Structures are given as C-alpha cells and as structure tokens.
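**Q** build the 3D model from these lines:
(one chain, ligands or ions: 1)
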Amino acid sequence: METMNVQKKSLEFDPNLYRQDFPILNTIVHGKPLVYFDNAATTQKPRMVIEQIVDYYQGMNANVHRAIHYLGEKATVAFEEARKKVAKFINAPSARQIVFTRGTTEAINLVATAWGEKFIGQDDEIILTEMEHHSNLIPWQLLAQKVGAKLRFIPFTPNGALDFEAFEKILNNKTRLISLTYMSNVFGTINPIKRIVRMAKDRGIPVLLDGAQSVPHLPTDVQQLDCDFLAFSGHKMLGPTGIGVLYAKMHHWENMNPYQGGGEMIQSVWLDRATWNEIPYKFEAGTPNIAGAIALGAAIDYLSKIGMEKITLFEQELTTYALNKLADLKGIVIYGNAAERGGVISFNLGDVHPHDLSHFLDQQGIAVRAGHHCAQPIMRKLDIAATTRASFYFYNTFEEIDYFVEQLKEAIEFFTP
Ligand code: PMP
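**A** Numbers count the residues shown, from 1 in each chain. Coordinates of the predicted model:
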C-alpha cells in the first residue's frame, strides 16, 4: 500500500497547542522523549486538573453535604457543580441522574447489584458481547450465579465487529438486559449502539453502555443514544483515578435498591431499619472522592473547550495514518479492522512476545501496553496469549507515530533477523 501521500498534518487541529498543558509529556525515558501511547489504560492530566486537586485541598477541604460552615459549603457547591458539568457533558436530562463511583468497574457493579438483583431472576438472560472488558463480564457472572440467570454473548467477526445475525438469534423474550462496550479497548471497534438500542427498545429491553473508551473520545448524548445506563471512568478522560460516573434513566434510579449502606445514603435510621436519602445521594454511601469529582469537572471543562467533535476527528486522522504505516511493516498482524473505529490498535509481531516488544519500545521511550487488556475471552478466541496495544489521545502527534513506526522497524530487525 502506498502511504507516502497520507496527510501528515491535520488541517483542523494542532496537538502541540495542548501538549504544553501536560507536564508529564516532557518526561525523558531512557534518554529519549516520552511517546505516550497507553491512553486506553489511562490518560495523562493537564496542569489545570492537577492544580484543581491542589486548590481543593488547599482552599476548600471539608466533607460535603454535612458541614454547616464556610469550607463545608464551598466543597459541597464545587462537588455539585462537578455533577452538573458531567450531566451537561453527556446531555443527561438532570444532574440527579449522575452518581459518582470509583470508575467504570464500580458503576457496572452498582447496576449488577442494585438493579440486577431486583430485576433479573432464575432463567432470565443477559446479553453481553465476546469483546467485553472483564469489568463488563465478571459482575454479570457473579449476578448470574447468584440469581440463576444465563449469560448469552454476541460473537465478534474476524474483523472485530459484532455479528448481528447471531445477535438476532439470541435476543428473545427471556432477555432482561443488554450490556456492551461502546468502544472496544482491544480492537478499537466503535459498536453501532443506536442500532442495538433500537433492536432492544423494540422488545422493551434496557441497555447498559460501557463508555470507558467512548466517552473520552466521542461526543456523548445519552438522550440521543437512548441508553438506560452509561458507565465511564474519569482517569481515561484527563481526570484523576478513583472517580467515575454512572448515568441511568430516572425511572431506573427510582426503582433500584441501594448499592452500599452507610453515611450519606440514608434519611432516617433506627437500630433495626432505615429510610433512604433522595437520588443521587441514596447511591453514594460514605465520603465520596470530592477532590476527584471536582478535578473531573476541570477535565470536562478542558475537553469541552477543545470540543469533542474535533477530538474525534483528529484521532481518526491519527489512527488512519498509523494503520496505513503499520500495513507496510512485514510480520505485523493487526487485530480488528472494523469500519467504525477509534484510536486503539492491537497487534503482534510474529511470535515475539508482546512483553518483549513493549520492553524494546520502552527502551526507545515509547509507552505501549502488552497483555490481555483485561479481555481474556478475546485472546482465547483469537488463540493468542496477548497483544501489544498502541492507543492515542488528542495530544499525540503524527511525528510520534513516525517515530513509533521507525522503532517497530528496528524491532523487526532485532527480533526477526
Ligand atoms: N471497560 C473498558 C472498555 C475499559 O477499557 C476499561 C479500562 N481499561 C474498563 C471498562 C474499566 O475501567 P476502570 O478500571 O476505570 O473501572
């Protein structure tokens, strides 16, 4: 394939305008400038987000919702402001529909426990896909074992897309929930969510979206998507670790059992019983990650200022550029080439173990991921132990991809003389 004429500069977007906001991107690794291509695992943080955490602890640290004093008020206002920012970012009808969690994992566990244990029973079926991250698999395995439900799976095709013919066959009147990833963290596939939701709605089946990889990279509108639940993580979208979000339609929040018990989630408590606080507090037991939520708000401000449409488009340019260049390299096998895809590229170089390859790249300053990417069922189906994964964000550049490809050529020389 001829690659030389591929656009090497975006006409719309200059990542260098943003790179200066990310102090860590100046790191020198083994004498080489850092090339950070592990964004699907976690993204780097701009100065504004880091400073927000410091500002919180220096200027407003207090517990939220309880204290009737200056700092308590200030922290509560900032915390609730962050909830509003999240709601606006995903176009939720109300901030009350936003519950802060530790991340995607906890958000999905919340649904499996508080909603699943109430609405899914013996012989009911839950549809997942074969391309789920373990955090959208294990909570449903645990639930299925507890209530006697059955898990069904939409298979993926050789190019890493969902097999709709097979999906139609497993949809039936026992299906109680469809829970799937919006974007695969292994193949990069962007699943056709609107089509899936339409098929589910025709049968009155709720849909949960694992948005861990999609919300940071694509504009998200929960009303347009018409999903019932959306889970995502702050740390994959410039925010800190330990903060995430569960959005749900209001009637689901109203019908759900509490998830965890403790302070904040109650209204009145007796020794033998209690009544619950209003939504969303009913689902936020204990002191929340206040600094994390406020810093996630700062991350959302940062992303919104750039514009999610622009981010999506630029990442598509980067990904197409990288895929074209990788296609020329002998011995590189890429897993997944769905028509709709984001900036996640999983590959192998012959029989070279991904750990060896990523170690080689690390010596050149390049951070990629090697492993099963918390999706062991994908590896089993592909009959491989692991892959190497490069994943991009808007602060990556075409020059970094050029360097990455040059170093891969060196690796090919080194490992396959
Ligand atoms: N789902 C997908 C698709 C992911 O990529 C990840 C993170 N790798 C998760 C869920 C879990 O996210 P977290 O660890 O932040 O809870």
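**Q** low-scoring pLDDT stretches of the protein, where are they?
**A** Judged by pLDDT under 70, the chain has its weakly predicted residues at 1-8, 11.
**Q** just the element for the residue in it sticking out farthest from the centre, please.
**A** Relative to the centre of the chain, the most outlying C-alpha is that of residue 271, 40.3 Å out, by CA atoms, centre = their mean. Residue 271 belongs to no helix or strand when assigned by DSSP states H and E.
**Q** what does residue 9 give?
**A** With DSSP H and E as the test, residue 9 turns up in no helix or strand.
**Q** now for residue 60: which residues touch it?
**A** 71, 74, 75, 78 (CB atoms under 8 Å, 6 or more residues apart in numbering). Using the backbone N, CA and C atoms, a C-beta is placed for each residue, glycine as well.
**Q** let's see that with 6 Å instead.
**A** By CB atoms under 6 Å, 6 or more residues apart in numbering, the contact set of residue 60 is 71, 74, 75.
**Q** highest neighbour count among these?
**A** residue 75 (23 neighbours; other CB atoms under 10 Å).
**Q** which secondary structure elements does the helix or strand where it lies contact?
**A** Residue 75 is part of helix 70-89 when elements are defined by DSSP H and E. On a contact count with 3 or more CB pairs under 6 Å, 6 or more residues apart in numbering; DSSP states H and E, helix 70-89 meets strand 98-101, helix 290-306.
**Q** what angle sits between it and helix 290-306?
**A** For helix 70-89 against helix 290-306, the angle by axes from the mean of the first three to the mean of the last three CA atoms, to 10 degrees is 40 degrees.
**Q** list the buried residues for helix 70-89?
**A** Neighbour-count burial for helix 70-89 flags 72, 74-76, 78-80, 82-83, 85-87, 89 (criterion: 16 or more other CB atoms under 10 Å).
**Q** need the residues that contact that helix.
**A** Residues contacting helix 70-89 (CB under 6 Å, 6+ apart): 60, 62, 64, 65, 95, 98, 245, 290, 293, 294, 297, 300.
**Q** from those, which is closest to residue 20?
**A** Of all those, residue 300 has the smallest distance to residue 20: 20.1 Å, by CB to CB.
**Q** tally of neighbours for the closest one?
**A** By other CB under 10 Å, 21 other residues sit near residue 300.
**Q** let me see the contact set for it.
**A** Going by CB under 6 Å, 6+ apart, the list of residues near residue 300 reads 85, 89.
**Q** count of residues packed around the residue lying closest to residue 155 once chain neighbours are set aside?
**A** Distance criterion CB to CB, 6 or more residues apart in numbering; nearest residue to residue 155, sequence neighbours excluded, is residue 163 at 4.7 Å. By other CB under 10 Å, 14 other residues sit near residue 163.
**Q** quick check: residue 163 vs residue 330, distance?
**A** 31 Å (CB to CB, to the nearest Å).
**Q** also residue 108?
**A** 40 Å.
**Q** who has more neighbours, these two?
**A** Neighbours per residue, other CB under 10 Å: of residue 108 and residue 330, the larger number sits with residue 108, 28 against 9.
**Q** that one reaches residue 230, doesn't it?
**A** No. Taking contacts as CB atoms under 6 Å, residue 108 lies outside contact range of residue 230: 10.5 Å.
**Q** what sits closest to the single nearest residue of the stretch 251-400 of the chain relative to the ligand if chain neighbours are left out?
**A** Minimum separation of the stretch 251-400 of the chain from the ligand (CB to the nearest ligand atom) falls at residue 374, amounting to 5.7 Å. Spatial nearest neighbour of residue 374, excluding adjacent residues (CB to CB, 6+ apart): residue 134 at 4.5 Å.
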